[in-house]
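**Q** Structure here, sequence nowhere to be found:
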């Protein structure tokens, strides 16, 4: 079979998967269903990467987006479960304005892409990319590579700081630091409130 | 000689379509996590662009490495954004974006 026809067939298959499930992501009323539709979108994007000869990026997409980001989003949905019943969409006016904005955005992108004189290099064989990417990351891109790992650590510390338990702030607000110069009569009361805060 | 059925513009139009759907989701959703999903769609569209340019240009793997960095930063962004959403939920007991009007003048 003609390999180009095969590539086109897979391209349209993955495109239909991506666009269809992305529409479901933004149209489902139930947010859990949106999360599951997002799974298919991310998987289709990974397929497009592999089709473009980027096997390592495709596997990274599956590992990080589907294995990490999507799981995080599902956890977020479950931790805020009481908002399930919140009406997912704004009023009709906002819906219309959103649709108009999306259509205008797509029209601009479409005409920009169609009119640009793309320079084509023709057929490039799809070689394995993992080894060259590893070499590039540790030579040319060493500084960005280290910076992005520091950024990842900072983001994790920041996320843990943001959702840390309220116990710490409650104890900071309680006058437990002032008990040192007072008499010991206050201490049981303070400790009891501390216990209460912790129990909450 | 074989002629390719696909050109660079096909991939770019696919990513433009995905980006527009993400724009629609971000603008119309009320649930904060659903807005975050729209942002994820837009980020994926940008990543497709990077990989496509890497495929159709002669400059080696630069585009794919940029896409990898972009994926890592998106993971960090999602972690921080979900932490903010959960902190807001713990404070106000809702993630309905229309009701988060504490800073409204």
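**A** Noted; the coordinates are in hand. Not measured: the values here are computed from a predicted model. Numbering: from 1, shown residues only, chains lettered A, B, ... in the order given.
**Q** The chain: helices as residue ranges?
**A** Going with chain A. A:3-27, A:31-51, A:55-60, A:70-79, A:92-115, A:130-138, A:142-162, A:167-173, A:187-199 (DSSP state H).
**Q** um, chain B though
**A** Under DSSP H, chain B gives helices at B:8-28, B:32-56, B:62-92.
**Q** Can you list the helices and strands that the second one packs against?
**A** The elements that helix B:32-56 packs onto, with contact taken as 3 or more Cβ pairs under 8 Å, 6 or more residues apart in numbering or on different chains; DSSP states H and E, are helix A:3-27, helix A:31-51, helix A:70-79, helix B:8-28, helix B:62-92. In this view, the C-beta of every residue, glycine as well, is placed from N, C-alpha and C.
**Q** what about those, which gets the closest to residue A:154?
**A** Closest approach to residue A:154 among these (Cβ to Cβ): helix B:62-92, 8.0 Å.
**Q** Could you export the helices of chain A as CSV, including mean neighbour count, mean pLDDT and distance to residue B:72?
**A** As requested, these are exported to CSV (neighbours: other Cβ atoms under 10 Å in any protein chain shown; pLDDT from 0 to 100; distance: least, Cβ to Cβ, whole Å):
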stretch, mean neighbour count, mean pLDDT, distance to residue B:72
helix A:3-27, 17, 92, 22
helix A:31-51, 21, 93, 15
helix A:55-60, 20, 93, 9
helix A:70-79, 18, 89, 14
helix A:92-115, 14, 92, 25
helix A:130-138, 14, 91, 11
helix A:142-162, 13, 93, 5
helix A:167-173, 12, 56, 30
helix A:187-199, 12, 45, 37
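**Q** which residues does residue 49 contact?
**A** This is for chain A. By Cβ atoms under 8 Å, 6 or more residues apart in numbering or on different chains, the residues touching residue A:49 are A:55, A:57-58, A:61, B:48, B:51, B:67.
**Q** You answered for a different chain; I wanted chain B.
**A** B:12, B:15.
**Q** Correct me if wrong: residue B:39 contacts residue B:26.
**A** Yes - the pair residue B:39 / residue B:26 is scored as a contact, 6.2 Å apart, by Cβ atoms under 8 Å.
**Q** between those two, which one's more packed in?
**A** Using other Cβ atoms under 10 Å in any protein chain shown, the more surrounded residue of residue B:39 and residue B:26 is residue B:26, with 20 against 17.
**Q** and the gap between that one and residue B:10?
**A** 25 Å (Cβ to Cβ, to the nearest Å).
**Q** Residue A:91 now?
**A** Between residue A:91 and residue B:10 the computed distance is 37 Å (Cβ to Cβ).
**Q** okay, the two: which has more neighbours?
**A** Between residue A:91 and residue B:10, counted using other Cβ under 10 Å, residue B:10 has the larger neighbour count: 16 against 12.
**Q** Quick check, that one in contact with residue A:14.
**A** No - Residue B:10 lies out of contact with residue A:14 (Cβ under 8 Å); the separation is 11.6 Å.
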